[in-house]
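K.L.:
For reference, the sequence and a predicted model appear below.
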Amino acid sequence: MPHPPNQLETSQLRISTTKAVVAYLKELVSTGLYGRHHTDAAERLIAQGIERLLEQGMLKPISNEESKHGGIKP
């Protein structure tokens with residue numbers, strides 16, 4: 001079954017990490033709860049971490065306009 005396209009505008013982010021972290025991400029994928037690829041798992045963990053920081057008040061929500069510019073006010 002094809003993966004439905006993301007309805008939100010997305011940006012690519014390139015990161016470097018250790019082989020151990022990649023192995024953990026692949027292990028999470030094997031649970032079926034973190035997407036189909038280790039990059040999906042990384043994105044979900046980042047999003048969950050940001051959600052947690054928003055809930056704790058460590059980050060402030062950004063507007064849709066700010067999100068279009070990577071969080072930088074135009």
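P.N.:
Perfect, I can see it now. Numbering: from 1, shown residues only.

K.L.:
Confidence-wise, which helix or strand of the protein is lowest on average?
P.N.:
Sorting the helices and strands of the chain by mean pLDDT, DSSP states H and E puts helix 64-68 at the bottom, at a mean of 69.

K.L.:
On the three-state scheme, the most centrally placed residue in the chain is what?
P.N.:
Residue closest to the mean C-alpha point of the chain, counted by C-alpha atoms, centre = their mean, is Glu43 at 2.6 Å. Under DSSP: H, G, I helix; E, B strand; the rest coil, the three-state class of Glu43 is helix.

K.L.:
And stretch 20-38, what's buried?
P.N.:
Tyr24, Leu25, Leu28, Val29, Tyr34, Gly35, His38 (16 or more other C-beta atoms under 10 Å). For every residue, glycine as well, the C-beta is placed using N, CA and C.

K.L.:
Show me those that map onto helices.
P.N.:
Tyr24, Leu25, Leu28, Val29, His38 (DSSP state H).
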